[in-house]
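A.B. asks: Mind looking at a prediction? Sequence and model below.
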Amino acid sequence: MRLPPEQNQSWVSEFILLGFSSDPVSNRILFFVFLLLYLSSILGNGLIVTLICLDSHLHTPMYFFLCILSFLDMGYVTTTMPQMLVHLLAHSKTISFAACWIQMYVFGSLSLTECIFFVVMAYDRYVAICHPLRYTIILSWKICTILAAGTGICGSFFSLIHTFFTMSLPYCGPNIVNHYFCESPSVRSLACMDTHIIEMIDFVMSVFVDVTPLFIILISYIHIVLAILKIKSISGRFKAFSTCASHLTAVIFFYVPAIYIYLRPNSSYSPERDKQISLFYNVFTALLNPIVYSLRNKDIKGAFLKMMKCNRVAW
């Protein structure tokens, strides 16, 4: 359906984000819950970054990638959570069209970068377990830097396309977004035209960016498991499985809800359910990663104890 030329423009100057509840009491309770989750995510990921930067024993490709993952988690949770916390207490829950555009792009860039970056981390585990003697040669610091920069460029590029198609649609009617941040499917549902073509383009991009990396990760782990089964030492098998389990746990919590949101049929669109599911790859994954990678990692725990000991001596 085409709009008349005079209407083919974006009339909406701001959006209203409904959030989770309109009840002031419920919003206050949610404020403290999400504030705790947000601070825990920032502190947990920030601690991992600090430990990796300060401890020279952690200056390896594996922890270099883990440091970048923590930066990505802190970035995209900060893109949405502070605004949501303000809206939980404020009477006005508006966001300008430009701010919505920026939030959608930045969140998309960071989350898509993380989607691709999990492939890099899987490749790191593949090389470490399947080619341990050539690990430092294959994953030199130059290669690690190129891989990290490449994922960032790809994430930013695909997010720009994704955001451009969504925000270039005409929004001339309702401006109430049934979500707690400007997520593409929720905003796009308000467009004043048929979005079928845009949704098809979005679907193809989501398959390329979400499903393809997940498929590559699964292939990598098939080779990893086969290599681990050849290890004769039981302790060696356990160590290898333990390292891989952390990565697989993070992958599952991130990919499964993200694939559901962006690849499910439009007929099954449910704003309330989508808001809850988006919390998993937006909030809970950023909170989970520090727990998974620190509690199951002796090197991280050792670096933490060493830092605490140094601080105690300094005092």
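C.D. replies: Cool, the structure landed. Numbers count the residues shown, from 1 in each chain.

A.B. asks: what about the strands in this protein?
C.D. replies: Here the chain has its strands, by DSSP state E, at 14-17, 94-96, 176-177.

A.B. asks: With mean neighbour count and distance to Met84 added, can I get those strands in JSON lines?
C.D. replies: For every residue, glycine as well, the C-beta is placed using N, CA and C. Shown next, in JSON lines, are the strands of the chain (neighbours: other CB atoms under 10 Å; distance: least, CB to CB, whole Å):
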{"stretch": "strand 14-17", "mean neighbour count": "18", "distance to Met84": "8"}
{"stretch": "strand 94-96", "mean neighbour count": "16", "distance to Met84": "11"}
{"stretch": "strand 176-177", "mean neighbour count": "16", "distance to Met84": "12"}
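
A.B. asks: would you turn the ones you listed into CSV with distance to Val283?
C.D. replies: Output for the strands of the chain, formatted as CSV (distance: least, CB to CB, whole Å):
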stretch, distance to Val283
strand 14-17, 16
strand 94-96, 18
strand 176-177, 18
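
A.B. asks: need those strands in a markdown table with mean pLDDT and distance to Ser242, can you?
C.D. replies: As requested, the strands of the chain are exported to a markdown table (pLDDT from 0 to 100; distance: least, CB to CB, whole Å):
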| stretch | mean pLDDT | distance to Ser242 |
| --- | --- | --- |
| strand 14-17 | 89 | 41 |
| strand 94-96 | 90 | 43 |
| strand 176-177 | 87 | 42 |
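
A.B. asks: so where's the stretch 1-150 of the chain shaky on pLDDT?
C.D. replies: Judged by pLDDT under 70, the stretch 1-150 of the chain has its weakly predicted residues at 1-10.

A.B. asks: Would you mind listing where the stretch 151-300 of the chain has pLDDT under the threshold?
C.D. replies: Judged by pLDDT under 70, the stretch 151-300 of the chain has its weakly predicted residues at 236, 243, 264-269, 295-296.

A.B. asks: ok, the spatially most central residue of the chain - contacts?
C.D. replies: What sits nearest the mean C-alpha location of the chain, by CA atoms, centre = their mean, is Ser111, with 3.8 Å. By CB atoms under 8 Å, 6 or more residues apart in numbering, the contact set of Ser111 is 76, 155, 258, 281-282.

A.B. asks: which stretches of the stretch 151-300 of the chain form helices?
C.D. replies: Counting by DSSP state H, counting those that start in this stretch, residue ranges of the helices within the stretch 151-300 of the chain are 184-188, 196-206, 212-229, 234-263, 271-279, 285-295, 298-314.

A.B. asks: nope, the stretch 1-150 of the chain is what I meant
C.D. replies: Counting by DSSP H, counting those that start in this stretch, the stretch 1-150 of the chain has helices at residues 24-54, 61-89, 97-130, 135-138, 141-167.

A.B. asks: Nearest to Met307 among those helices would be which one?
C.D. replies: Distance to Met307, taken as CB to CB, is lowest for helix 24-54 among these, at 6.5 Å.

A.B. asks: Who are the packing partners of the closest one?
C.D. replies: Packed against helix 24-54, as judged by 3 or more CB pairs under 8 Å, 6 or more residues apart in numbering; DSSP states H and E, are the following elements: helix 61-89, helix 285-295, helix 298-314.

A.B. asks: Compute the inter-axis angle for it and helix 271-279.
C.D. replies: 20 degrees (axes from the mean of the first three to the mean of the last three CA atoms, to 10 degrees).

A.B. asks: quick one: helix 24-54 to helix 298-314, angle?
C.D. replies: Counting by the same axes, to 10 degrees, helix 24-54 lies at 90 degrees to helix 298-314.

A.B. asks: Now do helix 24-54 and helix 61-89, the angle between them.
C.D. replies: For helix 24-54 against helix 61-89, the angle between stretch directions is 160 degrees (the same axes, to 10 degrees).

A.B. asks: and helix 24-54, which residues are buried?
C.D. replies: By 16 or more other CB atoms under 10 Å, the buried positions in helix 24-54 come out as 27, 30-31, 34, 37-38, 41-42, 44-45, 47-49, 51-52.

A.B. asks: which parts of stretch 84-95 are buried?
C.D. replies: 84-85, 87-88, 93, 95.

A.B. asks: Reformat those residues into TSV and put distance to Met104 next to each item.
C.D. replies: Formatted as TSV, those follow (distance: CB to CB, whole Å):
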residue	distance to Met104
Met84	15
Leu85	19
His87	16
Leu88	20
Lys93	17
Ile95	10
